[in-house]
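Colleague: take this sequence and fold it.
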Amino acid sequence: MADIVIRDLRYAYPPLTPAGDPIQVLRGVNLEVEKGTFIAIMGPTGAGKTTLCMALNGLIPHSVGGIFEGEVMVCGMNTREHPVPRLASRVGVVFQDADSQFFNTTVEDEVAFGPETLGLPPAEIEARITWALDVVGMSGLRTRSPFQLSGGQKQRVAIAAILAMRPDILVLDEPTSGLDPIGKQEVFRAIESLRQREHITIVLVEQEAEQIARFADQVAVLYEGRIVLTDVPEKVFAQVELMHELGVSVPQVAELAVRLNARHNTRSVFVRLEDAWRALSQLVPRQTCTPVCPLSRRPVGTSRPGKREAIIQVRDLWYHYTPEITALQGITLDIEEGDFVAIIGQNGSGKTTLAKHFNGLLKPSAGRVLVEGRDTRGLQVRELARSVGYVFQNPDHQIFCATTWEEVAFGPRNLGLEGRELEERVEEALVRFGLLDYASVPPAILGFGLRRKIGVASIYAMRPRIVVLDEPTAGLDRRSVLELMGTIQELNRAGHTIILITHDMRLVCEFARRTILLSEGRVLAYDETRAVFRDLEMLRAACIEPPQITQLAIKMAHPAIPPDVLTVDEFCHSIRQWTIGR
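Modeller: Sure thing, here's the model as predicted:
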């Protein structure tokens with residue numbers, strides 16, 4: 001029996017102005033999801049994924065309006081014929097922006113709200129709070145305000161709040177985009193456990209191809225408002241070239257299979273780490289390979305000539321949010337001018353707190369931070385804005401203008417640009433980030449991925465010497481990620497210092513020269529990226545996992561494969577002498 005049946009669903013948002021046209025998003029979606037199925041919805045930014053989620057619990061069309069055609073059936077109910085509160089008891093939705101779902105003063109109150117609205121007895125409500133928080137690993141923060149949590153912690157609480165209602169269908173819109181690698185795994189395992197125990201149907205909108213390949217039963221690719229591909233993960237991710245054309249990521253091992261097939265005229269297909277390990281263990285010769293040394297001394301990213309002056313100096317930095325909550329503990333480090341540095345660590349390790357000291361949003365409780373030799377304790381944020389551009393983790397924390405054009409123009413205008421120079425700067429940023437078609441559109445009504453692009457474009461237009469990006473690629477499709485990182489690399493080559501906060505270890509290994517690893521407010525490591533990822537014991541202690549291709553190299557334990565391979569290119573390069581299948 002199908003829990004979800006969608007037939008020729010077409011939807012257009014209401015026009016932005018009385019004289020405007022409706023904004024067409026869904027253009028004929030057809031999909032059936034059997035009860036107990038775990039289906040992942042993938043697709044490029046702007047494909048209509050969030051709109052489809054809102055159609056499953058009746059927010060579209062009941063709360064949003066617009067033009068709705070076709071039919072959506074959930075648990076046997078036609079969404080057009082039932083109000084949102086009735087549908088919400090059967091379909092739970094966790095949206096991409098956790099902040100938009102919070103309104104209680106503590107985590108446990110937030111999780112209790114749903115069961116309370118169902119009229120459950122206090123003992124049952126307490127049991128559900130305990131169970132849901134345990135599932136997402138947040139049991140120790142029951143009394144904390146959700147607004148004081150890190151971005152990843154907020155997402156876990158949002159998931160717990162929906163789980164506590166025990167819905168028949170759980171819809172999750174990019175729920176792991178702000179989580180560390182171990183946190184992502186925990187959430188995926190929790191979702192899988194929930195499905196197995198409760199036989200719940202899972203609809204997951206996500207870009208995490210490697211986790212999807214591992215856990216999902218089915219993958220549907222949404223492109224320009226239509227489902228263009230749906231099948232089991234093995235068949236979907238094996239179409240690497242097509243997926244890349246659609247702007248959708250695939251597991252690193254799937255890319256590896258395609259590369260090896262092209263080189264050796266083989267027909268290998270693997271989309272999971274275990275499958276790749278088993279296949280390659282049978283295909284490759286061990287005795288004919290010459291042992292190689294680790295790549296530890298080979299730098300990651302663009303080469304950097306010599307040692308440069310420190311553009312940011314941190315000295316014995318401590319920061320307390322409250323007397324009970326210490327976020328940073330005695331951090332000392334230098335970031336050199338023109339470097340490309342990643343800051344990684346578990347959710348709540350202090351990454352964003354540290355970065356906010358670079359532009360003066362936070363002032364040290366003890367110690368000091370110098371930016372271009374100036375002590376931030378005596379400077380205001382606006383004084384540091386010429387030196388440090390900060391792209392926030394949540395784009396809504398920096399977007400407030402009436403149109404996208406005005407949003408991108410706001411920073412340069414405050415720096416004194418005007419007239420033709422301002423227009424050229426804004427237009428160049430809009431074109432570079434694919435936002436020109438949205439120039440006159442209010443950013444607030446655009447999808448999360450597009451709002452994130454606007455946040456990055458608005459900082460890019462200011463051309464600061466230091467650019468801090470806090471999870472800039474979360475929620476973006478593969479094509480957008482590559483375009484963004486290409487732009488960031490260009491800035492770096494032009495001399496700008498880049499500081500990247502991210503949970504995407506593949507991104508770190510492909511772009512960052514040096515990496516800062518934080519744990520519980522302390523620096524565990526600050527070194528060349530490859531050197532940091534060589535220390536597996538330290539990474540595990542910080543709840544960090546290396547990229548999938550690195551995990552494969554380690555698992556292979558092959559004499560020809562360096563254990564510190566960081567990219568698919570490096571893996572292929574290390575086995576170029578193999579004769580597959582000998």
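
Colleague: flag the shaky bits of the stretch 51-200 of the chain, pLDDT-wise.
Modeller: 151-152, 178 (pLDDT under 70).

Colleague: what segments of it are strands?
Modeller: For the stretch 51-200 of the chain, the strands defined by DSSP state E, counting those that start in this stretch cover 67-74, 77-78, 91-94, 169-173.

Colleague: in its sheet, what does the first one sit against?
Modeller: Take DSSP bridges as the rule and strand 67-74 pairs in its sheet with strand 2-13 (antiparallel), strand 77-78 (antiparallel).

Colleague: please apply the same query to the third one.
Modeller: If you go by DSSP bridges, strand 91-94 pairs up with strand 169-173 (parallel).

Colleague: show residues contacting the partner strand.
Modeller: With C-beta atoms under 8 Å, 6 or more residues apart in numbering as the test, strand 169-173 has contacts from 3-4, 49-50, 53, 56-57, 74-75, 90-96, 159, 162-163, 191, 194, 200-206. Every residue, glycine included, has its C-beta placed from N, CA and C.

Colleague: which of those are buried? Put it as a PyMOL command.
Modeller: Command for PyMOL, covering only those of the contacts of strand 169-173 found buried under the criterion 16 or more other C-beta atoms under 10 Å:
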select buried, resi 3+4+49+50+53+56+57+74+75+90+91+92+93+94+95+96+159+162+163+191+194+200+201+202+203+204+205+206
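
Colleague: and the contacts of strand 169-173, which of them are in helices?
Modeller: Among the contacts of strand 169-173, DSSP state H puts 49-50, 53, 56, 159, 162-163, 191, 194 in helices.

Colleague: now, among the residues you listed, which is nearest to Gln153?
Modeller: Closest approach to Gln153 among those (C-beta to C-beta): Ile159, at 10.9 Å.

Colleague: in space, what's closest to the residue nearest in space to the middle of the chain - neighbours in sequence excluded?
Modeller: Residue closest to the average C-alpha location in the chain (C-alpha atoms, centre = their mean): Ala474, at 2.6 Å. Closest residue to Ala474 apart from its sequence neighbours, by C-beta to C-beta, 6 or more residues apart in numbering: Ser177 at 3.7 Å.

Colleague: what do you get for Thr487?
Modeller: Arg432 (5.9 Å).

Colleague: go ahead and confirm the one you found touches Ala461.
Modeller: No: assessed by C-beta atoms under 8 Å, Arg432 is found out of contact with Ala461, at 9.4 Å.

Colleague: quick one, which of the strands paired with strand 67-74 gets closest to Arg374.
Modeller: Once the strands paired with strand 67-74 are compared by C-beta to C-beta, strand 2-13 is nearest, at 46.3 Å.

Colleague: what does the closest one rub up against?
Modeller: Contacts to strand 2-13, defined as C-beta under 8 Å, 6+ apart, come from residues 22-37, 51-52, 55-56, 60-61, 64, 66-75, 168-169, 201, 203, 445.

Colleague: what's the lowest-mean-pLDDT helix or strand in the chain packed up against?
Modeller: Least confident helix or strand, the chain: helix 181-198 with a mean of 77, by mean pLDDT, DSSP states H and E. If you count contacts as 3 or more C-beta pairs under 8 Å, 6 or more residues apart in numbering; DSSP states H and E, helix 181-198 packs onto strand 38-42, helix 122-135, helix 151-163, strand 169-173, strand 201-205, helix 209-215.

Colleague: repeat that with 7 Å
Modeller: On a contact count with 3 or more C-beta pairs under 7 Å, 6 or more residues apart in numbering; DSSP states H and E, helix 181-198 meets helix 151-163, helix 209-215.

Colleague: and it, what's buried?
Modeller: Using 16+ other C-beta under 10 Å as the test for burial, helix 181-198 gives 181-188, 190-191, 194-195.

Colleague: okay, the helices and strands packed on helix 181-198 in TSV with distance to Ala457 next?
Modeller: Listed next are the helices and strands packed on helix 181-198 as TSV, based on distance: least, C-beta to C-beta, whole Å:
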stretch	distance to Ala457
helix 151-163	21
helix 209-215	26
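
Colleague: ok, back up a step: out of the strands paired with strand 67-74, which is closest to Gly419?
Modeller: Going by C-beta to C-beta, the one of the strands paired with strand 67-74 nearest Gly419 is strand 2-13, 34.7 Å.

Colleague: now the closest one, how far from the centre of its chain.
Modeller: 27 Å (C-alpha atoms, centre = their mean, to the nearest Å).

Colleague: residues of the very next helix or strand once past it that come out buried?
Modeller: Sequence-wise, the next helix or strand downstream of strand 2-13 (DSSP states H and E) is strand 23-34. Buried residues in strand 23-34, counted by 16+ other C-beta under 10 Å: 23, 25-26, 29, 31, 33.

Colleague: before we move on, what about stretch 441-455?
Modeller: Buried residues in stretch 441-455, counted by 16+ other C-beta under 10 Å: 441, 443, 446-455.

Colleague: closest to Lys356 out of those?
Modeller: Distances from Lys356 to the buried residues of stretch 441-455, taken as C-beta to C-beta, are shortest for Gly455 (15.3 Å).

Colleague: let me know whether my guess that the closest one is in a helix holds.
Modeller: Yes: residue state for Gly455 (DSSP: H, G, I helix; E, B strand; the rest coil) corresponds to a helix.

Colleague: in this structure it contacts Val391, no?
Modeller: Yes: counting by C-beta atoms under 7 Å, Val391 is a contact partner of Gly455 at 5.4 Å.
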